[in-house]
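In: need a 3D model of the following:
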Amino acid sequence: MNTGRMHGKVFIDRPTFTKDGVGGVTETFVEVAEVWREKRHLRGREADEARSQYPEASVVFELWHSPDIAELAADWRLREGTVNFSVIDAIPVPADRAEKFLVYCKSRIAPVTPSVDA
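Out: Purely as a prediction, here's the structure:
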């Protein structure tokens, strides 16, 4: 396989759900593949949520197709180093015989609580 512009790899995780003993559900992620990728940054911003600020980035990954990721969907995630990317959409290219996926993602860095001046 010629990876061409693809440089670096990314891990792909699928969510699993487990019922706990009190009627709740716990979500965990299971690694299903490691594939070659190209990453392009689309935009970044700083958002406020629950009185905390965090940087958020929108990126698109171009991934080589793998049978392990044929069902790649919006609730999956990609991991690159210590950064998790939430999958927003995964589009097979070309549509009739997926050789690659275009995967639109968002990443969020841990919230930073603003300091309060006394």
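
In: please, which helix or strand holds the residue sitting nearest the centre point of the chain?
Out: Taking CA atoms, centre = their mean, the centroid of the chain lies closest to Phe85, which sits 2.7 Å from it. Per DSSP states H and E: Phe85 is located in strand 83-93.

In: contacts for stretch 7-18 next, please.
Out: For stretch 7-18, the surrounding residues in contact (CB atoms under 8 Å, 6 or more residues apart in numbering) are 25-39, 61, 63, 68-69, 72, 75-80. Quick note: C-beta positions are derived from backbone N, CA and C, even for glycine.

In: hmm, try it at 6 Å
Out: Residues outside stretch 7-18 that contact it (CB atoms under 6 Å, 6 or more residues apart in numbering): 25-34, 36-37, 69, 75-80.

In: weed out the non-buried ones from those.
Out: Buried positions within the contacts of stretch 7-18, assessed by neighbour count (16 or more other CB atoms under 10 Å), are Phe29, Val32, Ala33, Trp36, Arg37, Ile69, Trp76, Arg77, Leu78, Glu80.

In: what about these, which are in strands?
Out: Using DSSP state E, the subset of these located in strands is Phe29, Val32, Ala33, Trp36, Arg37, Arg77, Leu78, Glu80.

In: which SSE is the residue lying closest to the first one once chain neighbours are set aside in?
Out: Among residues not flanking Phe29 along the chain, Asp13 sits closest, at 3.8 Å (CB to CB, 6 or more residues apart in numbering). Mapping Asp13 onto the secondary structure by DSSP H and E places it in strand 9-19.
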